[in-house]
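Participant: Coordinates only, no sequence provided:
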């Protein structure tokens, strides 16, 4: 079924029956290359301004109008492109949220460095257990420093046992503890070889 619509004295045009009685719809063979509400081309100065905002925010914590003008933007460009530049920055901003505490690779790195002021901590460590763990960490660091001065087998075994005692205070799985201990054992094997 076809219906006819008159538009200001023009000839009546047929409308497909599927679109009849639906306000705002019309049949058209014209195809748009892009959707009108789709992604629009951004002005290159807006992109440059967004990059500058990102850089200044990372370095100084924010960007003032004077800083942007000193970086080569005119006042007219700032007024015109700032809304789209802030939109670009806000869409590309990624907030990284890590759980508190060290992960296993960080614990391995700290165990190999053995610095008494840089104790590995995990997310589930209680404050009262932290004091006990700190004492165990200091004993391990002392043994590791002694092993570095004089790498003999018994001293290396002592380091491994003290590291195991420290790691038992942290809320880690057994396989995670073993991974840290094996990394230390491998490092001691490399460091303990006589120079050739």
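Facilitator: Nice, I can see it. This structure is a prediction, so every number in the text was calculated from the model and none was measured. Numbers count the residues shown, from 1 in each chain.

Participant: Could you give the average pLDDT over stretch 116-132?
Facilitator: When pLDDT is averaged along stretch 116-132, the result is 87.

Participant: mind checking how far residue 150 is from residue 192?
Facilitator: Plainly put, residue 150 is 10 Å away from residue 192 if you go by Cβ to Cβ, to the nearest Å. The way it works is simple: take the backbone N, C-alpha and C, and place the C-beta from them, glycine included.

Participant: my bad, residue 63
Facilitator: 53 Å.

Participant: again, but for residue 163
Facilitator: 16 Å.

Participant: So for those two, which residue has more residues nearby?
Facilitator: The neighbour comparison of residue 163 against residue 192 (other Cβ atoms under 10 Å) goes to residue 163, with 25 against 14.

Participant: Now that one: which helix or strand?
Facilitator: helix 153-167 (DSSP states H and E).

Participant: in stretch 118-133, what counts as buried?
Facilitator: 119-122, 125, 133 (16 or more other Cβ atoms under 10 Å).

Participant: ugh, wrong one, I meant stretch 182-196
Facilitator: Buried residues in stretch 182-196, counted by 16+ other Cβ under 10 Å: 183-184, 188.

Participant: Report the mean per-residue pLDDT for it.
Facilitator: On average, stretch 182-196 scores 82.

Participant: Just give me how far that stretch sits from the chain centre.
Facilitator: Distance of stretch 182-196 from the chain centroid (Cα atoms, centre = their mean, to the nearest Å) equals 34 Å.

Participant: what's the answer for stretch 48-56, then?
Facilitator: The answer for stretch 48-56 is 19 Å, by Cα atoms, centre = their mean.

Participant: Averaged pLDDT, it. What do you get?
Facilitator: Stretch 48-56 comes out at a mean pLDDT of 86.
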